[in-house]
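# For reference, the sequence and a predicted model appear below.
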Amino acid sequence: MAKPQPSKDIDSYIAQFPSDVQAILQNVRTTISKAAPEAKETISYQMPAFKQHGILVYFAAWKKHIGLYLPCLAIRRLRKPSHGTPGRKAISNPRSISRSPTA
């Protein structure tokens, strides 16, 4: 898969990828939209993002995975002292994971 080209919106970002990857990205987009209905879609750092009082989350497709990137403040709020790797700023899953957010 070629490196994604800069996009003006999330639709054009998703359209660059093969159909199987598009389906996963659209599922991620829909899931975030449902979880944060007031958030606005944007492109930031050449990645799709959702913004509401700052960036809530970024996501992106790569050669072998889909990345979900949370701003540092969100990670600090989610991570408990006994969990997580210090300094880790991303959640990455192989593309072969289920397309259903409830699976």
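Alright, I've got the coordinates.

# And the strands in this structure?
In the chain, the segments counted as strands under DSSP state E are 40-44, 47-51, 55-61, 65-69, 90-94.

# Of all those, which one comes closest to Phe17?
Of all the strands of the chain, strand 55-61 sits nearest to Phe17, with 5.5 Å by CB to CB. In short, each C-beta sits where N, CA and C put it, glycine included.

# and that closest one, C-alpha only, in CSV?
Extracted C-alpha coordinates of strand 55-61, given in CSV (Å, rounded to 0.1, in the frame of the first residue of the first chain):
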residue,chain,number,x,y,z
ILE,A,55,-8.4,16.7,19.6
LEU,A,56,-10.1,13.7,21.0
VAL,A,57,-8.6,11.1,18.8
TYR,A,58,-6.7,10.5,15.5
PHE,A,59,-6.8,7.4,13.4
ALA,A,60,-4.8,6.3,10.4
ALA,A,61,-4.2,3.3,8.1
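
# quick one: Asn42 and Gln52 touch, right?
One correction, residue 42 is Thr, not Asn. No. Thr42 lies out of contact with Gln52 (CB atoms under 8 Å); the separation is 10.4 Å.

# Ala36 is in contact with His53, isn't it?
No. In this structure Ala36 lies outside contact range of His53 using CB under 8 Å: 10.5 Å.

# out of the two, which sits in the busier spot?
Ala36 (14 against 7; other CB atoms under 10 Å).

# Show the pLDDT at that one.
Here, the pLDDT recorded for Ala36 equals 93.

# again, but for Ala2
Per-residue pLDDT puts Ala2 at 64.

# could we number from 661 for the rest of this?
Right, with 661 as the first residue, what we last looked at is Ala662.

# low-confidence ranges in this protein?
For the chain, the stretches flagged by pLDDT under 70 are 661-662, 733-763.

# Before I go, just wanted to say thanks for your time.
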